[in-house]
Structures are given as structure tokens and as C-alpha cells.
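Colleague: what shape does this take:
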Amino acid sequence: MFDIDGVIRDVAGSYRRALQETVHHYCGWKPSPNDIDVLKSEGLWNNDWDASLELLRRRGCSVPMRSSLVRVFSDFYFGGNPDGDPANWSGFIRDEPLLVAKSFFDQLQAQGHRWGFVSGAEPASARFVLSQRLGLVDPPLIAMGDAPDKPDPTGLIRMAKQLAAGEVPRWIAYIGDTVADVHTVLNARERQPELPWRSLAVAPPHITDVTRYHQQLQDAGADRIVDATRELLPILMEGLTP
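Modeller: Numbers count the residues shown, from 1 in each chain. Modelled structure (predicted):
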């Protein structure tokens, strides 16, 4: 199972930029990428709306109603109606480099792996990248609002059971790019210890000190560090032994 942001697409120029611009809109201060990484390293701020609000609080700025902040954030990110035609979007979502191609999932399928997505991204944004940009047909997806926010493992467990379809898998792996993603797997392991959970972790493309970031993910409990999402295939072929 895959996270989307930082794993399937690079969101440094979109979601993270929208977070920066939203905070700046309300506060006149623009958090740096490092400010955001430090916050997210706490493992509690997977949702970018909540991360924006928390940065405003910590900066001592006036904190708006969450609903108001969501509208401002959406204007930056989508630049149009999130439920409308993506062709009409003019926001930062248009600037998201893909980190894998459709052929990656074709190879997963050929190797006999079952796969799906568990992401905190908004459903419209997740469907846009998976279906329209990658060309995946009806990909299994749990997005924002479908389950409690990570690190709550409810969505991950639900997707794992959906993919397993009553069978007992050799392993259940989730690859993410944040401490919250790692904690989600650890929480799933605690809630359902009889299942063979594996936490895979990758540094998102915007990280400059990759070694330090990898260490943070390992310290959080990641079972395996992957240098890039596309390099996951040979690791899966080797098998994910404990």
C-alpha cells in the first residue's frame, strides 16, 4: 500500500507551497521547508490544514476558523472548484512531478502483488493523480474523509483487509514519507498483531539532508528505507522478511 504525497508525486511545489502561502496569507510570515519538516517530524501533523493552523499558533499569529483556512488553502492548491472539472484548475496542483509511471504498477501486477493507496490527500486530488495522470483504472483508494487521519491505522487496516480478500498474506507493507506514516504501521501492528505488517519509508524529493531524514524515519520505527519509490520493485522480489 502506498501513501501518495512524497511517494507517488512530488508535492513540494503544490501542497507544501499551498501550506506556506496559506500561513503567509494570515500571518505575513512564510514558513520554510525546514519549518514544515520539523513540525511533521513530530508525527502528529499529516493533515496540511491542521499543520497550517499549528504553525500559525506557534508563530503567535491570529488563528482563523478552520473552515476559512480550508477555503484559502484550496484556492491556492486547486485554483478552482475541487469538485469541478480538473481542466479548469489553475492552482499549484498543476505543478506536481510524478515519481513513478504507470509501468511501475503494471510490473507490480505482473509480480503478483496486490496494491492500493491510503493517503491523507483530498479525494479529488488523489483521484486526479491516480486516474487521470497515471492512468490507473479504479485504483483501490482511501483518501481524506474515508477514515480517521493518520497515524490512526483504521484506513490502513481496512485497505489491507480489502486487498487480502480473506486470504492470509505473507506480508502487508505500507510505504510513506513521514514519521506519521511509520507510526500508522506501528499502530496497525499494535491493533492487529497477528498480521505481518512492514513499514517502508522513503524521503520526499525536497529533502536536502537525506541521510538525516532517513535516520528520523528509522528512529520512528521504519523496517526498511527505500531510496526512491521506483526502486521498490527489486526489494519486493527479494521478499520482506522480518
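Colleague: and the residue lying closest to D48 once chain neighbours are set aside, what helix or strand is that in?
Modeller: Leaving aside its sequence neighbours, D48 sits nearest to L19 (Cβ to Cβ, 6 or more residues apart in numbering; 4.9 Å). Using the backbone N, CA and C atoms, a C-beta is placed for each residue, glycine as well. Taking DSSP states H and E as the definition, one finds L19 inside helix 15-27.
Colleague: check which element follows that helix along the chain.
Modeller: Next along the chain after helix 15-27, taking DSSP H and E as the criterion, comes helix 33-40.
Colleague: what about that next one, distance to the chain center?
Modeller: Its chain's C-alpha centre and that of helix 33-40 lie 15 Å apart, by Cα atoms, centre = their mean, to the nearest Å.
Colleague: cool, stretch 139-148 as well?
Modeller: Mean-position distance between stretch 139-148 and its chain equals 11 Å (Cα atoms, centre = their mean).
Colleague: for the record, mean pLDDT for that stretch?
Modeller: Here stretch 139-148 scores 96 as its mean pLDDT.
Colleague: adjust the sequence numbering to begin at 30 for everything that follows.
Modeller: Okay, residue one is now 30; in that scheme the one you just asked about reads as stretch 168-177.
Colleague: what about the helix or strand encompassing T213, distance to the chain center?
Modeller: Counting by DSSP H and E, the element that carries T213 is helix 208-220. Its chain's C-alpha centre and that of helix 208-220 lie 14 Å apart, by Cα atoms, centre = their mean.
Colleague: with stretch 198-206 instead?
Modeller: Here stretch 198-206 is found 14 Å from its chain centre; the criterion is Cα atoms, centre = their mean.
Colleague: what's the end-to-end length of it?
Modeller: End-to-end distance for stretch 198-206, by Cα to Cα, to the nearest Å: 24 Å.
Colleague: what sits up against that stretch?
Modeller: Stretch 198-206 is contacted from outside by 30-32, 34-36, 147, 185, 189, 192-193, 210-211, 213-214, 217, 224-233, 255, 258, 261, 265, 268-269, using Cβ atoms under 8 Å, 6 or more residues apart in numbering.
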